[in-house]
Structure formats: C-alpha cells, structure tokens
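K.L.:
everything below, folded, please.
(2 chains)
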Protein chains: 2
Amino acid sequence: MFTERTPRVAAARRLTTRSGRDRADRFLAEGAQAVREALDWSERGAGPVFELFATPIAAERHAELWQRAAAAGVTTSLITEKAAAGLSETVTPQGLVAVCGLVDIPLSAALTGRPTLVAVLSEIADPGNAGTVLRVADAAGADAVIFAGSTVDPHNGKCVRATTGSLFHLPVTRERDVDAVLAACRAAGLRLVAADGYADQNLDAADRAGDLAQPTAWLFGSEAHGLSEQVRAQADTGLAVPLYGRAESLNLATAAAVCLYASARAQQAR
Amino acid sequence: MFTERTPRVAAARRLTTRSGRDRADRFLAEGAQAVREALDWSERGAGPVFELFATPIAAERHAELWQRAAAAGVTTSLITEKAAAGLSETVTPQGLVAVCGLVDIPLSAALTGRPTLVAVLSEIADPGNAGTVLRVADAAGADAVIFAGSTVDPHNGKCVRATTGSLFHLPVTRERDVDAVLAACRAAGLRLVAADGYADQNLDAADRAGDLAQPTAWLFGSEAHGLSEQVRAQADTGLAVPLYGRAESLNLATAAAVCLYASARAQQAR
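P.N.:
Residues are numbered from 1 along each chain as shown, chains lettered A, B, ... in the order given. Presented below is the predicted three-dimensional model:
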C-alpha cells in the first residue's frame, strides 16, 4: 500500500498547488462524484484520467468505480489514510482521488460554434464561489465558462468540489489577459453584460425590453470589489439584479444564478 | 476591561448555543455590519439591543458605532481579545458583538397584511445556507421568512453572519410545527409551491403560464434530502428549476435565488 512518501503519491500531492498543476498539466478530482464525472469525461474522449488512488475502505465502498477505472486502463493504487489526507483539500478526506489532465481549453476553442450564453469570472478569489458559479452556469446551459485575469484556478480542490462535477461538463478556459477574453467574446457575437450592483439599468427591466434573449457573455467580478473599472468600461451594458427588499446586495453565486437564469429563460422562450 | 470570566461576558457566551439563547431570549450579532443593522432595527422600535462589547481596537475602529450605541442607551463594555473570541462563531473574531433581543415573531404576526411572497425553510441544517436564503428572500422583497420544523435557528452566529443584516430587515418566524406553518400560509391566501428538483413541472413553464404572479409561499427543503414527503404532499404544486445544461442540480441558495426572483419578477410585472 502506498504511503505519503511513495513517489507517485508525493508527485500527486504536488498537484494541490497551482504551480504543481501547471507544471504537470494534471489536477486532482476528489470524491466519488468527481471521480465518476472524470471517468465519464475521459470516456467521452474529452481528456485523460491517469491514476486513481483510494484507501482500502474507499475502494471497497466505491467498488464499482474502482473496477470501472481499472477496466478503462486507469492505474489504480491503494493508499493509506494519511496519504489520502495529504491529497485532500477538504476537512474530511473522502479517500478517493483521481489524477486527471487539466480540463481547460484555449479561449478560441471554447468560443467556437455560435455560443449564446457564456460566463466570464474576473478576479474571483474564493474557489468555492467560483466553483458554485461554474455549477450554476452549467445548470443554466451556458456554452462555456471563462476564468479570466487572476481568478482562482478552476482545478483548485475546493473549486472542483463546489462544481459537483460541472467542471467536466462544459468548455472551461483560463486566460490571464482579460482584454483578450472580452475581445474574443465580442468577436464570437456575444453582447458583454457586466453584472454590477451599482448599474443604473436593472435585470428585470432589460428582460421586459427583450435584451436578455441576445447572445450574452455575463461578466462577474469579485465578491469584495465587483468588476474592475477596466472591465466595466468595455462592457456593452451593466445590469443590476433589482433589490425589491432592503438587502444591500446579493452574494456572487446567488446574483450569478439570477442573471444566468434570466438569460437562459429569455433565450429558451425565443 | 472585561475578560472571558466576567459574569456579563460569561452570560453572553451562553448565547452561542440555541438553548442559551432561548433561555435568555437574546442572541449575538457580530461584526460592524450586523451591529449597525441591529442599532437601526432597535431605533425603528423593532426590538432591543441590550449591550455592545468591543475590544479596544474594534471600539476605536468603529468609534461611530460605539458612540451611537452609547447614545441610544446601549451598555457598552470593553473586552479582551480572548473574551471576544469566546463570543465569536467565526474563525476570525471581529471584536465587536451586540447582545440583542430575539428577532422572531409569532407566525400569525409574520403573515398579517396580505403577504405576496414568503419563504419557508424546512429542515435546513446548515446555518450558512439558511442565512443566505434569508438574504436572498430579503433582496427579492419577501414579506416574511419562516424557519420551520427542525431548521437551524436564525439566531445562530453563522446564520446571522450569512444574512449580512437581512435578519433585521423583515419578519422572521420560528415554528417547529410544519403543518401549522403550511396551514397558516394557506389561510393567508398564499399558494404553497414546493421547490423540488424532481417535480414534473418546471419554473419557466409555470412562469410563462402566469402562475408565479400569484401570492406564493415557496417551500425549501434540506440540501441533502430536499423536502419531506409530508411537506410535498401538502403543497399546491411542485416546481423544478429547469436544468438546461448537464448539472444534476443547483445548490439550495442558488435554487432559492432563481425561484424567489422568478416570483418577484412576475409579481412586479402585474
């Protein structure tokens, strides 16, 4: 049984940091749901799953996944509880971790084929928030999610977990150059709409005016500071989620849910 | 300066448990935003703020709040960092904590005056989720939020924090008897709509049919198990947030945001 000092486990442990992931071109998907989605993703030919590590207890509990991985040619190895804890970014390690190729694809590839709904995450620092927005974007039927600028890495363990599998469902891109992201969205025929609590126009008014049915790239900024002036200035419009009560704001994930679903509904109704 | 052993601080510390809060009829609001909202709430005559504790650093940083509390007749006391940590339910104590009367009011009082949008939280265990739903309900202009059955206490520190002040903005009720909650909502003229990922009908179809403009009590269940069969059976209808992509579900807070905003928008458009 592999321990935390076994070279293959030590190499996998380096994937808990962004620099380690980028150097190896691999990341970790932890837990039964993520592993199942990773195997589906691999079987669709979307990307490779290289290894599956499990504690004896987890391998037995998820015997079907364990066998499925082995049958698919994935190297399966039993590891100690301590080794599993070292590969986990959660408080309660799940004892089951797959080593996958990175999911992200080039910006141009993510935006091919007339996209109608795209989510752009700009300067979002919290991995749980970013992952939840990715999950919402998937649910709303988005064509792609772009992690722009210094936004957290989608392959971060907490982000992977928050996506509950959605990371493997739709095209995901990382692009440091925010201007390049906005230019590519515009070139793909998308209207750039800044989600901006301070915007003069509101979402429901835009909905009634029919604006939301247009192909749209929603731009979401950080929880703390919203979108940068640089991004806002390049947007075609800014829309605020209307506050009908006395709350000062919504949090990022709930605001993104309202915005993305408003567009999805308007686009479906066309 | 008060320490964690000073009787008034020790008494306040007992408010970090539900039984302690219910026995004293008081709870803790931590951090500058919550304290400000609590003082606003008190000045509107909605409920009492009894005490304000602060570390010397926090009292200086929030001098305006400190003086405002004292001017309003709130007992202000300086406490040590260790005492502040004992009153905090967060990893990074903010050093500023108000002792307030409980916010919740009787069910009948919460539902007076022809409510049109109410959120019912049934069996929700996670205080952060419950607080986020309360915040979303406030933003969507809900008339009341009902914490039903064994749902977490709205006065729980993590819940208070997640509401970012919304706890003080609208009528909040705790009622263990879920059947009584549903009966009261129905008697108030509200249509009982179960948010249910497995429902046959979907939200956008109901929206197009004009159903969402009716006065509505949205029923939200636990993240893990959804609504109980008992609650679902009593609802007038169940609606699923449509999944246009490949995500299996939305999390509670984002689903609640989409549902409550769909109703708010439909009701505003009437």
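
K.L.:
show me what contacts A:A233?
P.N.:
Applying Cβ atoms under 8 Å, 6 or more residues apart in numbering or on different chains to A:A233 gives no contacts. For glycine as for every other residue, the C-beta is placed from the backbone atoms N, C-alpha and C.

K.L.:
what of A:A10?
P.N.:
A:A10 neighbours (Cβ under 8 Å, 6+ apart): A:E4.

K.L.:
buried residues in the host helix or strand of it, which are they?
P.N.:
Using DSSP states H and E, A:A10 sits in helix A:7-13. Using 16 or more other Cβ atoms under 10 Å in any protein chain shown as the test for burial, helix A:7-13 gives A:9, A:12.

K.L.:
export that helix to CSV, keeping only CA atoms.
P.N.:
Extracted C-alpha coordinates of helix A:7-13, given in CSV (Å, rounded to 0.1, in the frame of the first residue of the first chain):
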residue,chain,number,x,y,z
PRO,A,7,7.0,8.9,-5.1
ARG,A,8,3.7,8.6,-7.1
VAL,A,9,1.8,9.9,-4.1
ALA,A,10,4.3,12.6,-3.4
ALA,A,11,4.0,13.6,-7.1
ALA,A,12,0.2,13.7,-6.8
ARG,A,13,0.5,15.8,-3.7
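
K.L.:
can you name every helix or strand that the following helix or strand past that helix contacts?
P.N.:
Counting by DSSP H and E, the next helix or strand C-terminal to helix A:7-13 is helix A:18-24. Packed against helix A:18-24 by the contact rule (3 or more Cβ pairs under 8 Å, 6 or more residues apart in numbering or on different chains; DSSP states H and E) you find no helix or strand.

K.L.:
whichever helix or strand comes after helix A:18-24: partners in the sheet, and parallel or antiparallel?
P.N.:
Scanning forward in sequence from helix A:18-24 by DSSP H and E, the next helix or strand is strand A:26-30. Take DSSP bridges as the rule and strand A:26-30 pairs in its sheet with strand A:96-101 (antiparallel).

K.L.:
pLDDT (mean, whole number) over the strand it pairs with?
P.N.:
Averaged across strand A:96-101, pLDDT comes to 98.

K.L.:
check stretch A:77-93 too.
P.N.:
Stretch A:77-93 carries an average pLDDT of 92.

K.L.:
what's next to that stretch, contact-wise?
P.N.:
Outside stretch A:77-93, the residues that touch it by Cβ under 8 Å, 6+ apart are A:1-4, A:6, A:8-9, A:12-13, A:16, A:28, A:30, A:51-56, A:58-59, A:94-97, A:156-158, A:161.

K.L.:
would you mind measuring the gap between the ends of it?
P.N.:
17 Å (Cα to Cα, to the nearest Å).

K.L.:
residues in the stretch 151-270 of chain A within reach of chain B, list them.
P.N.:
When proximity is defined as Cβ under 8 Å from any Cβ of the partner chain, the stretch 151-270 of chain A approaches chain B at A:164-166, A:169-170, A:204, A:207-208, A:241-251, A:253-258, A:261-262, A:264-265, A:268-269.

K.L.:
show me what contacts A:E60?
P.N.:
No contacts exist for A:E60 under Cβ under 8 Å, 6+ apart.
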